[in-house]
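Peer 1: here you go, sequence then predicted model.
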Amino acid sequence: MESKVYVTPENDPRDYVGYDLFGYPFNKKYPPNKEKYGQSYEGYPNKALGVLLYDFCVMGYDVELSYKGNPYYLMDDGEGVVSDSHFTERKMVFDSPMALVENFKIDGNTLLELAPEIEDIEPV
C-alpha cells in the first residue's frame, strides 16, 4: 500500500509559496493584499487573479477558464499543464503552475496580463 506524503510548511518544495503565522499558505511571489482588495478574491483585485495565483498555484486545484469564448483547462500535477476538458491530455507542460501562469500565452499575452479580460474562471 502506497502512503501519501502531505505538503507541510517544512517540506513544501515550491519556492513561490509562503506560510503565514497560522500556517496558511499564500503566494509569496505575488502576495495578496487583503487590506486593499478584501477577502472576496483571496486578496487579489479580480476573480481571475485569485483563482490563478491562489487556487491554482498555491492550493493545487485544476482550473477551467474562458477567454474570448474559447475554453482552456489548466492542470496542476506538480507541473503546470494545459490540458483538454477531461484533464487527460498534456497539450503544453511547464515546470510548475506558477511557470504556466507567467509564461502560457493567449493572443500574445500571459494569463497574468489577460486576467482582467478572462470571462469565466473556476477551480475544478
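Peer 2: Alright, I've got the coordinates.

Peer 1: pull out the buried residues from stretch 105-124.
Peer 2: By neighbour count on 16 or more other CB atoms under 10 Å, the buried set for stretch 105-124 is Ile106, Leu111, Leu114, Ala115, Ile118, Ile121, Pro123. C-betas here are computed from N, CA, C, even on glycine.

Peer 1: next up, the contacts around the residue lying closest to Ala115 once chain neighbours are set aside.
Peer 2: Excluding its sequence neighbours, the residue lying closest to Ala115 (CB to CB, 6 or more residues apart in numbering) is Ala48, at 3.9 Å. Ala48 sits next to Leu65, Leu111, Leu114, Ala115, Pro116, Ile118, Ile121 when contact means CB atoms under 8 Å, 6 or more residues apart in numbering.

Peer 1: same question, Tyr61
Peer 2: For Tyr61, counting by CB under 8 Å, 6+ apart, the contacting residues are Asp55, Asp76, Pro123, Val124.

Peer 1: can you put the buried residues of stretch 105-124 in JSON lines and add secondary structure, pLDDT and distance to Asp12?
Peer 2: Putting the buried residues of stretch 105-124 into JSON lines (DSSP: H, G, I helix; E, B strand; the rest coil; pLDDT from 0 to 100; distance: CB to CB, whole Å) gives the following:
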{"residue": "Ile106", "secondary structure": "strand", "pLDDT": "97", "distance to Asp12": "29"}
{"residue": "Leu111", "secondary structure": "helix", "pLDDT": "97", "distance to Asp12": "23"}
{"residue": "Leu114", "secondary structure": "helix", "pLDDT": "97", "distance to Asp12": "28"}
{"residue": "Ala115", "secondary structure": "helix", "pLDDT": "96", "distance to Asp12": "25"}
{"residue": "Ile118", "secondary structure": "coil", "pLDDT": "96", "distance to Asp12": "27"}
{"residue": "Ile121", "secondary structure": "strand", "pLDDT": "98", "distance to Asp12": "25"}
{"residue": "Pro123", "secondary structure": "strand", "pLDDT": "97", "distance to Asp12": "19"}
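
Peer 1: fine, thanks again, bye for now.
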